[in-house]
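A.B. asks: Need a 3D model of the sequence below.
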Amino acid sequence: MAKLSVEELSKHDTVDDAWIVINGTVWDVTEFAPRHPGGAEIINEYLGGDATNAYNEVHGPSLAAKYLDESKNKGELDESTVTDEWRSKQADKHESSKPVDEDRPPLDAIINLNDFEDAAKRAHSKKTWAFQMTAANDCFTRDANADFYRRIWFRPRVLVGVKDVSTSATILGQKFKLPIFSSPAALAKLSHPEGERAMARGLAASGSTIIACNNASFSFSEIAEVLPPGHPLFYQLYFNRDRRVTEKLVREVSRNPNLKAITVTVDLPVVGKREDDERVKIEATYKASKNMQSQNIARDNKGSGLARATGSFIDPALNWDDLLWLQSITDVPIFVKGIQCAADARKALEYGCRGIYISNMAAGRSTRRSPASSRCWSARRIVPRCWSRWRCGSTAASAGAPTCSRPSVWALVPCVWADRSCMPWAMGRRAWSTRSRSSETSSRPPCRWWASRPWTRRTRASSTPPSWTTTSTAGTPTRGRERLCGTRYSTTRGQGGVDC
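C.D. replies: I've put the predicted structure just below:
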């Protein structure tokens with residue numbers, strides 16, 4: 001393979017002739033940069049230079065080769081031509097987003113989800129923290145989510161015997177010991193070198209699983225390979241403006257026999273205005289203009305936060321007919337992620353979707369004043385015909401399962417980076433201590449959640465295997481205790497439900 005000098009590399013530093021170095025390999029990204037899922041600006045900043053550090057912070061090592069064919073591989077960088085001055089110049093371009101080791105508490109000091117959040121906030125860079133915690137506009141909806149959970153109280157039933165308990169539930173025919181899934185979260189490598197791979201290991205060890213994100217740091221196959229043989233997982237999909245890209249991706253992930261469902265995110269037609277994210281001065285566009293000879297870089301004055309960068313490829317024209325097309329290219333069950341009203345729940349059923357994912361997009365990341373996920377459960381009163389089909393089968397332990405993303409990412413921070421073989425999934429053991437009664441030992445639930453409301457009352461489950469499943473996320477409230485108070489735990493004979 002050809003050896004290229006720094007002088008030769010530096011000649012290709014315009015948007016019309018763009019070369020960059022990634023892990024010693026020189027790539028021609030002229031055609032790829034405009035359709036980069038993370039936006040062209042971050043690539044433009046490093047044209048004619050070394051993008052290794054920026055790339056490795058958010059991507060797995062094999063991702064470049066996956067998106068760039070061999071014809072774009074121009075050769076290897078000749079290290080003998082690299083000077084200290086050139087290397088220093090490359091370092092000046094890069095602002096690290098890695099967590100810092102200072103003040104990171106030992107894992108034993110983590111008692112609840114609040115501790116995970118506090119540790120992550122201290123350890124993460126401002127850019128990473130803004131990306132993970134931001135929501136639409138002034139974060140009104142995110143804060144309202146947490147406030148809503150503070151209003152939920154248990155009405156406990158006593159003297160029912162809780163010696164033997166179980167949190168297990170069956171989702172799409174698969175039994176999970178802990179049916180609290182990790183909802184899709186992008187760029188987990190910003191929090192830990194192993195990113196989603198570490199999350200997947202820990203979730204599997206706790207009897208749960210991961211919903212791999214479309215914008216994950218690692219590819220779907222790289223995440224799936226760290227799971228135990230036969231362990232199920234899910235995949236979250238954004239529709240790309242280029243349907244050929246979406247089709248290729250769907251066919252690729254569908255080949256994995258352990259994939260149980262594809263959840264299509266539908267409540268983010270365009271990336272929301274996330275003010276906290278935009279306030280952090282990433283300055284990718286402005287840095288790029290100073291480092292390049294060509295000045296024809298688009299500027300839209302909307303900020304350059306990570307959220308907008310990673311969502312630039314999403315198709316705003318997505319409609320219900322696209323779900324029919326998706327079902328025509330895969331046999332994997334399709335869920336619709338982002339349902340918030342009864343009318344859309346009914347329509348998802350009519351269009352053949354196997355389930356819905358109740359969500360307000362991580363606490364209103366797309367729009368301000370979208371309702372808290374738990375409020376959306378009131379749709380059950382409006383469309384009981386749909387809701388009656390939201391069970392996973394006659395042996396189902398619940399009507400669905402809750403998901404959360406931020407605690408899953410925060411849990412990466414206290415872990416020892418040197419030990420990448422396994423991430424202790426402390427959250428599963430430390431934060432979720434309350435359990436339901438086992439279906440084998442009880443004839444009634446130990447408690448009722450808002451029992452006075454008619455939509456929480458239970459009837460005996462039908463013996464007919466139904467076809468629909470629901471799962472929900474509340475946008476991950478910032479306080480773990482309130483999450484527990486908002487949980488309906490699995491009960492007897494498939495009568496229970498989970499909403500966290």
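
A.B. asks: quick one: Ala204 is in a helix?
C.D. replies: Yes. Using DSSP: H, G, I helix; E, B strand; the rest coil, the assignment for Ala204 is a helix.

A.B. asks: pretty sure it is touching Glu225, no?
C.D. replies: No. Using C-beta atoms under 8 Å, Ala204 is not in contact with Glu225; the gap is 12.0 Å. In short, each C-beta sits where N, CA and C put it, glycine included.

A.B. asks: Neighbour count: these two, which is higher?
C.D. replies: Remark: of Ala204 and Glu225, Ala204 carries more neighbours, 19 against 12, as counted by other C-beta atoms under 10 Å.

A.B. asks: how much space between the more buried one and Gly338?
C.D. replies: Using C-beta to C-beta, to the nearest Å, we find Ala204 at a distance of 26 Å from Gly338.

A.B. asks: for Asp242, what are its contacts?
C.D. replies: Listed by C-beta atoms under 8 Å, 6 or more residues apart in numbering, the contact partners of Asp242 are Arg35.

A.B. asks: any weak-confidence spans in this structure?
C.D. replies: Within the chain, the stretches with pLDDT under 70 are 37-39, 92-103, 135-137, 271-312, 361-500.

A.B. asks: same thing but at 50, please
C.D. replies: Scanning the chain for pLDDT under 50 picks out the ranges 282-304, 362-365, 382, 386-399, 415-467, 469-500.

A.B. asks: which one is Val266 nearest to, not counting chain neighbours?
C.D. replies: Gly338 (4.6 Å; C-beta to C-beta, 6 or more residues apart in numbering).

A.B. asks: mind checking how far the one you found is from Pro193?
C.D. replies: From Gly338 to Pro193 the distance is 31 Å (C-beta to C-beta).

A.B. asks: So between these two, which is more surrounded?
C.D. replies: Counted by other C-beta under 10 Å, Gly338 and Pro193 do not tie: Gly338 has more neighbours, with 21 against 17.

A.B. asks: and the strand or helix carrying that one, which strands flank it?
C.D. replies: Secondary structure assignment for Gly338, by DSSP states H and E: strand 334-339. Sheet pairing for strand 334-339, assigned by DSSP bridges, gives strand 259-265 (parallel), strand 355-358 (parallel).

A.B. asks: I'd like to know how far the residue nearest to Val266 sits from Met199.
C.D. replies: Applying C-beta to C-beta to Gly338 and Met199 gives a distance of 22 Å.

A.B. asks: swap in Thr330?
C.D. replies: Counting by C-beta to C-beta, the gap from Thr330 to Met199 is 24 Å.

A.B. asks: And the two? Which one has more around it.
C.D. replies: When Thr330 and Met199 are compared for neighbours, Met199 comes out ahead with 27 against 16, by other C-beta under 10 Å.

A.B. asks: Surely the more buried one touches Ile210?
C.D. replies: Yes. Using C-beta under 8 Å, Met199 makes contact with Ile210 at a distance of 5.7 Å.

A.B. asks: Leu190 and His59 touch, don't they?
C.D. replies: No. Leu190 lies out of contact with His59 (C-beta under 8 Å); the separation is 10.6 Å.

A.B. asks: overlap in contacts of these two?
C.D. replies: Joint contacts of Leu190 and His59 (C-beta under 8 Å, 6+ apart) are Ser217.

A.B. asks: Now the residue nearest to His36 when sequence neighbours are not counted: which helix or strand?
C.D. replies: In space, and not counting its chain neighbours, His36 is closest to Ile43: 5.7 Å by C-beta to C-beta, 6+ apart. For Ile43, the host element (DSSP H and E) is helix 40-44.

A.B. asks: May I see the buried residues of that helix?
C.D. replies: The neighbour-count check on helix 40-44 (16 or more other C-beta atoms under 10 Å) flags Ala40, Glu41, Ile42, Ile43, Asn44 as buried.

A.B. asks: could you dump those residues to TSV with distance to Thr246?
C.D. replies: Output for the buried residues of helix 40-44, formatted as TSV (distance: C-beta to C-beta, whole Å):
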residue	distance to Thr246
Ala40	20
Glu41	23
Ile42	22
Ile43	22
Asn44	25
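
A.B. asks: Tell me the one of the residues you listed nearest Ala54?
C.D. replies: Ile42 (6.7 Å; C-beta to C-beta).

A.B. asks: Distance check, the closest one against Tyr55.
C.D. replies: From Ile42 to Tyr55 the distance is 9 Å (C-beta to C-beta).

A.B. asks: Over to Gly48?
C.D. replies: Where Tyr55 is concerned, Gly48 sits at a distance of 15 Å (C-beta to C-beta).

A.B. asks: How about Leu227?
C.D. replies: Distance from Leu227 to Tyr55, by C-beta to C-beta: 25 Å.

A.B. asks: what's the answer for Asn360, then?
C.D. replies: Asn360 is 32 Å from Tyr55, by C-beta to C-beta.

A.B. asks: about what we covered before: elements contacting the helix holding Ile43?
C.D. replies: Helices and strands touching helix 40-44, by 3 or more C-beta pairs under 8 Å, 6 or more residues apart in numbering; DSSP states H and E, are strand 17-22, helix 284-291.

A.B. asks: if we can go back for a sec, contacting residues around the residue nearest to Val266?
C.D. replies: Gly338 touches Thr265, Val266, Asp267, Leu268, Tyr357, Ser359, Asn360, Met361, counting by C-beta under 8 Å, 6+ apart.

A.B. asks: any idea how the chain splits into domains?
C.D. replies: 3-94, 107-271+311-494 (automatic domain parsing).

A.B. asks: quick one, strands of the stretch 1-150 of the chain?
C.D. replies: With strands called from DSSP state E, counting those that start in this stretch, the stretch 1-150 of the chain shows them at 3-4, 13-14, 17-22, 25-28, 49-50, 73-77.

A.B. asks: would TSV of those strands with distance to Arg142 and mean neighbour count be doable?
C.D. replies: Shown next, in TSV, are these (distance: least, C-beta to C-beta, whole Å; neighbours: other C-beta atoms under 10 Å):
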stretch	distance to Arg142	mean neighbour count
strand 3-4	47	16
strand 13-14	40	18
strand 17-22	35	22
strand 25-28	38	20
strand 49-50	37	22
strand 73-77	43	17
